[in-house]
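Peer 1: One predicted model, sequence on top.
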Amino acid sequence: MENSVSSLSLRLPPNHKPYIFQIFNFKPSSKTPATHQNQSQRNLPKFTITKKKFAEEDAFPCSLPLHNKNPLSIYKDIKNFARQNKLKEALTVLDYVDQQGIPVNATTFSSLIAACIRTNSLSIGKQVHTHIRNNGLEKNTFLLTKLVQMYTSCGSLEDALKLFDELPCESSVYPWNALLRGTVVSGGRKRQYIDVLKTYSKMRELGVELNVYSFSSVIKSFAAAPAFYQGLRTHALLIKNGLVDSDILRTCLIDLYFKCGKVKLARSVFEEIPETERDVVVWGTMLSGFSHNRLHREVLDYVKWMVDEGIYPNSVIMTIVIPVIGEICKRRLGQEVHAYVVKTKSYSEKVPIQSALIDMYCKCGDLGSARRVFYSSPERNVVCWTALMSGYASVGRLEQALRSIIWMQQEGFKPDVVTVATALPVCAQLRALEEGKQIHAYALKHWFLPNVSISSSLVVMYSKCGVVEYSGRLFELMEQRNVISWTAMINSYIENGYPNEAVGVIRSMQLSRNRPDSIAMSRILSVCGELKLLKLGKETHGQILKRNFASVHFVSAELINMYGSFGDVDKANLVFSAVPVQGSMTWTALIRAYGYNKLYQGAIDLFDQMRSNGFSPNHFTFGVILSVCERAGFVKDANKIFNLMPKYKIEASKEHLDVMVRLLTRYGQLEKAQRFVQMSSFL
């Protein structure tokens, strides 16, 4: 393993500081170090800088010579650059024509502003704005409206509002739409929602007549928030204004309800659309919504329905459907979809579809097909490499997953944030500390930090490698924390034998704005049980009831375990009885609670009751009940229970066999014990 990853180009430079300082004292600065003054500098000769004359070849670096002073030809050249997002070249031409005194029309500037929005180029957008002023178009309502959209799209709301105030007609809907659309495009869910809501409220207050595009931007913002009740009120307003039949708005409403988890409402909006008016965009929104809510069967049902209606999937539909097939591991169906992609040649060349197919085959356990798709792809990128790496990791080929970082760099692709986030859990599983450090250094060098996901993965990686002090230092330096990062730090302390430190993190988490999720709750209960923290355990139980986590099996199981460790079997029974749907996990937890408190026969009776009620014991259930038999000295019961394992298609593990060996040896049944020793040697 060491040899295979030694060629990583993520290697630290030879003159680096000790790594612990590089990780935690790395403070990149844009300032250059100050140089020492030399007295001889006073006598240095003075140079005069001559300004180079602006030449025609400077204006047209892409071999587009200006043959004549025809403005229409110049406009065409600028628009071509804008269409190709070559904004620097377009600006150079603008500088040239400005010097020559050639005017530029509004439509040319409009194409440049559109390119600035596409590329999120605020600085170039400001230069274009200056050229608009130089051309005397600063009062042009059309361009001002476009500029408002550009500033909001690029995140400069202050500049957008200044321009908006300069617009002559407040009652016109178009500048307002530009402000709304730009705010939606700019991103940042919470901020975006608040700004859109303010603008939307102001429009209604001033009596501005909102059109389809106004409502489209508003509903998209509500969907991103997600703000269900605001969306519901807006839906009512659409019905009142007679705009509910708009295809654009119906699609937006379907997306809104899916994002808010209101699947029935989304379906009802879809069903209100006449069959002849359901286009591929509406179908795609439905499929995306089902996928977002993890309703995989519905995705496949609606694809079939869509094809029956005579609408065939496009590339966007394919990128929604293929990952769903991977999630439910329907390899045969995946092959059929792959055949359709190959048949439709225009789709088979698209990199997102190729990467989706690679990921799908990996999730179905067919790494051979995933590799064939990967190597037959005419154009690969970092997404394809990351998908293959993830596939190697999912089937347990961890060394190959880590080696993929080297191979992708040899092809000229640099690992991105997703690649790093995929590689770190692999390092954690392999306990590959050196490789993990190299990836950490790479992440620092390429400004991937601070990133909550990567920081949390680093905390887990260092914890798994036994360097819990690194995990703690990283956690302290995190600028933003989420539930995942808090849970990662709690786990780090628990797994490395620092339960008291884990309690400190739990208390800090309760004081933060992040509320524990079901996974964090289960870890907190585990700590409470281990340290006998009755008060904290009861507080956590209250939070579980308040947030309706009791229906989550692993949370209820930990709650039963906790009360069992406190010696309160009655409470454990009450928790078990209150679980809406009991399963193997909760039954196993109650059996363990009885065993903790030396109610050995009660534990055996519970095991029999579990089976008679139709619940199948799993690997862990057999481990728990055999341990109970060992502590109680129930040799006959242990033999009987062990012989039940094949019935439930469970293979005995080393732990199961070791329990039987210890029990039989203690009670003098050495021949039987020897047979179990031989079985253990085969494992």
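Peer 2: Great, that's in hand.
Peer 1: C-alpha from now on. contacts and neighbour counts both.
Peer 2: Noted.
Peer 1: In the protein, where's the longest helix?
Peer 2: helix 189-206 (DSSP state H).
Peer 1: now the residue positioned nearest the centre of the chain: how far from residue 390?
Peer 2: In the chain, the centroid-proximal residue (C-alpha atoms, centre = their mean) is residue 453; its distance is 8.2 Å. Distance from residue 453 to residue 390, counting by C-alpha to C-alpha, to the nearest Å: 16 Å.
Peer 1: Ok, residue 408 next?
Peer 2: 13 Å.
Peer 1: Looking at those two now, which is surrounded by more residues?
Peer 2: residue 390 (25 against 19; other C-alpha atoms under 10 Å).
Peer 1: average pLDDT for the helix or strand harbouring that one?
Peer 2: Using DSSP states H and E, residue 390 maps to helix 382-394. Averaged over helix 382-394, pLDDT sits at 88.
Peer 1: so what secondary structure elements neighbour that helix?
Peer 2: Contacting helix 382-394 under the criterion 3 or more C-alpha pairs under 8 Å, 6 or more residues apart in numbering; DSSP states H and E are the following elements: helix 351-363, helix 367-376, helix 398-410, helix 417-430.
Peer 1: between it and helix 398-410, how many degrees?
Peer 2: 170 degrees (axes from the mean of the first three to the mean of the last three C-alpha atoms, to 10 degrees).
Peer 1: Next, work out how far apart the residue nearest to residue 466 when sequence neighbours are not counted and residue 547 are.
Peer 2: Excluding its sequence neighbours, the residue lying closest to residue 466 (C-alpha to C-alpha, 6 or more residues apart in numbering) is residue 496, at 6.9 Å. Using C-alpha to C-alpha, residue 496 is found at 30 Å from residue 547.
Peer 1: buried residues in the following helix or strand past the longest helix of the chain?
Peer 2: Counting by DSSP H and E, the element after helix 189-206 in chain order, helix or strand, is helix 212-224. The neighbour-count check on helix 212-224 (16 or more other C-alpha atoms under 10 Å) flags 213, 214, 215, 216, 217, 218, 219, 220, 221, 222, 223, 224 as buried.
Peer 1: where in this structure is pLDDT low?
Peer 2: Residue ranges of the chain with pLDDT under 70: 1-69, 168-171, 185-191, 346-349, 683.
Peer 1: what helix or strand is residue 332 on?
Peer 2: Short version, using DSSP H and E: residue 332 is in helix 331-343.
Peer 1: chain center to stretch 335-345: distance?
Peer 2: Here stretch 335-345 shows a centroid-to-chain-centroid distance of 28 Å under the convention C-alpha atoms, centre = their mean, to the nearest Å.
Peer 1: Return the residues in contact with residue 502.
Peer 2: The contact partners of residue 502, by C-alpha atoms under 8 Å, 6 or more residues apart in numbering, come to 489, 490, 491, 493, 494, 527.
Peer 1: Apart from its chain neighbours, what residue comes closest to the last one?
Peer 2: By that I understand residue 527. Closest residue to residue 527 apart from its sequence neighbours, by C-alpha to C-alpha, 6+ apart: residue 499 at 6.4 Å.
Peer 1: Could you do the fifth one as well?
Peer 2: Computed as C-alpha to C-alpha, 6+ apart, the closest residue to residue 494 that is not its neighbour in sequence is residue 502, at 6.3 Å.
Peer 1: Likewise for residue 319?
Peer 2: Setting aside the residues directly before and after it, residue 319 is nearest to residue 353 in space (C-alpha to C-alpha, 6+ apart), at 5.8 Å.
Peer 1: ok, back up a step: among the helices and strands packed on helix 382-394, which is the most enclosed?
Peer 2: Sort these by mean neighbour count, taking mean count of other C-alpha atoms under 10 Å, and helix 351-363 sits at the top with a mean of 25.
Peer 1: Please put the alpha-carbon coordinates of it into PDB.
Peer 2: This file holds the C-alpha atoms of helix 351-363, laid out as PDB (Å, rounded to 0.1, in the frame of the first residue of the first chain):
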ATOM      1  CA  VAL A 351     -19.900  13.300 -19.700                       C
ATOM      2  CA  PRO A 352     -22.600  13.700 -17.000                       C
ATOM      3  CA  ILE A 353     -24.400  10.600 -18.400                       C
ATOM      4  CA  GLN A 354     -21.200   8.700 -18.600                       C
ATOM      5  CA  SER A 355     -20.300   9.500 -15.000                       C
ATOM      6  CA  ALA A 356     -23.900   8.500 -13.900                       C
ATOM      7  CA  LEU A 357     -23.600   5.200 -15.700                       C
ATOM      8  CA  ILE A 358     -20.200   4.500 -14.000                       C
ATOM      9  CA  ASP A 359     -21.700   5.300 -10.600                       C
ATOM     10  CA  MET A 360     -24.900   3.200 -11.300                       C
ATOM     11  CA  TYR A 361     -22.900   0.100 -12.300                       C
ATOM     12  CA  CYS A 362     -20.600   0.500  -9.200                       C
ATOM     13  CA  LYS A 363     -23.700   0.700  -6.900                       C
END
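Peer 1: other SSEs contacting it?
Peer 2: helix 315-327, helix 331-343, helix 367-376, helix 382-394.
Peer 1: now the first one, how far from the centre of its chain.
Peer 2: Centroid separation for helix 315-327 versus its chain: 17 Å, with C-alpha atoms, centre = their mean.
Peer 1: Likewise for the third one?
Peer 2: Helix 367-376 has its average C-alpha position 25 Å from the chain's average C-alpha position, going by C-alpha atoms, centre = their mean.
Peer 1: Same question for stretch 122-134.
Peer 2: Taking mean C-alpha positions (C-alpha atoms, centre = their mean), stretch 122-134 and its chain are 36 Å apart.
Peer 1: what angle separates the longest helix of the chain from helix 212-224?
Peer 2: Interaxial angle of helix 189-206 relative to helix 212-224 (the same axes, to 10 degrees): 140 degrees.
Peer 1: what's helix 189-206 packed up against?
Peer 2: Judged by 3+ C-alpha pairs under 8 Å, 6+ apart, helix 189-206 is in contact with helix 173-185, helix 212-224.
Peer 1: Need the residues that contact it.
Peer 2: Contacts for helix 189-206 (C-alpha under 8 Å, 6+ apart): 171, 176, 179-180, 183-184, 186, 209-210, 218, 221-222, 224-225.
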